[in-house]
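Asks: Below are the sequence and a predicted model for it; my questions follow.
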Amino acid sequence: MRCFQADFIFPIQTAPLKNGMLITDDEGVIVDLGFPEDLAQRFPDLHVERLQGLLVPGFINTHCHLELSCMKGQITRHTGMAGFVSEFVSKRAAFTDQERAAAIVKAEDEMLRNGTVAVGDISNGNSTFSQKAKKRLYYQTFIETFDLAPSRAPEAFDRACLLREELIDLMPETRHQVSIVPHAPYTVSPELHKLIATYARRHQLLLSIHNQESRAEDELFRTGTGKLMEMYERMGLDYSWFKARGESSIHSTLPFYKDNDKLLLVHNTYTAEDDLLFAAGAETKASRQKPLLFWATCPNANLYIEDRLPNYTALLKHNLRITIGTDSLASNSTLSVLDELKTVAHAHPEIPVDVLLRWATLNGAEFLGIDRQYGSFEMGKKPGVALIEGAGPLAFSGGWTSRRIL
Ligand SMILES: [Zn+2]
């Protein structure tokens, strides 16, 4: 058995314990938690490991692109989405397969060290599959599809199915951990959305989509103009079906997925109050028993690309299930969930630490459907244990770091 005592323990489901104690078995399963005066009698012989800092369940990173790890430091900051994409495409080709594979291992090592236990990871190819098969972390893989041309939807979808089968062949028992998902509202035709939604319903798979990440996306859906429309034209894409309706992209996306199980909306940087009301309306349809929407925020990537953060005040006001993502090393300098929390806390010191920690742990575990094991310190769970250390008051600040201790 292991017995940890820390300045604060955050069980997540219940109130933080100042000078609390956490007892696990040798495998990391939670045996008990509480205050030392209550636990000392029941476990008199245990060696107490005293820790300075906050003890929290392992972090859940709900949005990552491990396959892009070789792109760290390659792309200019603050160029907006269209600028990001064009620089990305030109620079990505320069890396060899060996360089890409080495960067993937290094990035996964970083996540293991910083206390991450589960990752929702986007895959466009198979470059991460052999690493995932080592099962050092829990992965939900989102095989990403995109193609604007309705006529090519079946082809794009079949490609994703083949990739899904390739990963399942490596890890046959993790079939439910491999989804097929749309990339973003501005890269997927209605036909492709329908194929994805039907398949996900039939196989009960989780869904994820990049949502309202850039100013250009908003402009495209509202007015049919802007940098993304210019990109469509420059690349000669077939977007003949597209009609600007004076509404933001979430209005066109959600109807396709209203009968699905769970959908993670990623970024939401330009999501406005009326979008949140629209989303709430989509969720409260009488037929729906379970929550549909989870909202992933990747603040460091938002600052990297668009130099803007989502409207957290509105997200909190509407009581949304918020989760944390790091996005990829193409638009972030670390894959650290804590670094994302620090960025939110810096902009919004009024958000309590326990609220931020719930985004980083239990909310993500609930989205991934792994909250029976992960996301909180509760008896019988094996959530992983991370320590947040650093000097300063009980609010996240620049100096805090995290590491996995169990
Ligand atoms: Zn992303």
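Replies: Yes, it's here.

Asks: where does the protein dip in pLDDT?
Replies: 286-287, 391-394 (pLDDT under 70).

Asks: ranges for the strands of it?
Replies: Remark: strands assigned in the chain by DSSP state E are 2-9, 17-24, 30-34, 48-57, 59-64, 116-123, 138-145, 178-182, 207-211, 263-267, 293-297, 322-324, 385-389, 401-404.

Asks: Mind putting the ones you listed into JSON lines with distance to Ala82?
Replies: Where you see a C-beta, it was placed from the backbone N, CA and C, and this is true even at glycine. Listed next are the strands of the chain as JSON lines, based on distance: least, CB to CB, whole Å:
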{"stretch": "strand 2-9", "distance to Ala82": "44"}
{"stretch": "strand 17-24", "distance to Ala82": "48"}
{"stretch": "strand 30-34", "distance to Ala82": "47"}
{"stretch": "strand 48-57", "distance to Ala82": "38"}
{"stretch": "strand 59-64", "distance to Ala82": "21"}
{"stretch": "strand 116-123", "distance to Ala82": "20"}
{"stretch": "strand 138-145", "distance to Ala82": "19"}
{"stretch": "strand 178-182", "distance to Ala82": "19"}
{"stretch": "strand 207-211", "distance to Ala82": "14"}
{"stretch": "strand 263-267", "distance to Ala82": "15"}
{"stretch": "strand 293-297", "distance to Ala82": "22"}
{"stretch": "strand 322-324", "distance to Ala82": "26"}
{"stretch": "strand 385-389", "distance to Ala82": "37"}
{"stretch": "strand 401-404", "distance to Ala82": "34"}
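
Asks: What's the local residue count around Phe396?
Replies: Phe396: 24 surrounding residues under other CB atoms under 10 Å.

Asks: swap in Lys91?
Replies: For Lys91, using other CB under 10 Å, the count is 14.

Asks: If you drop the residues flanking it in sequence, what lies closest to it?
Replies: Leaving aside its chain neighbours, Lys91 sits nearest to Gln74 (5.0 Å; criterion: CB to CB, 6 or more residues apart in numbering).

Asks: measure the one you found to Phe242 for me?
Replies: Gln74 sits 31 Å away from Phe242, taking CB to CB, to the nearest Å as the criterion.

Asks: ditto for Ser127
Replies: From Ser127 to Phe242 the distance is 31 Å (CB to CB).

Asks: For the closest residue to Thr79 other than its chain neighbours, give me its contacts.
Replies: In this structure, Thr79 finds its nearest non-sequential neighbour in Glu87, 6.8 Å apart by CB to CB, 6+ apart. By CB atoms under 8 Å, 6 or more residues apart in numbering, Glu87 lies in contact with 74-76, 79.
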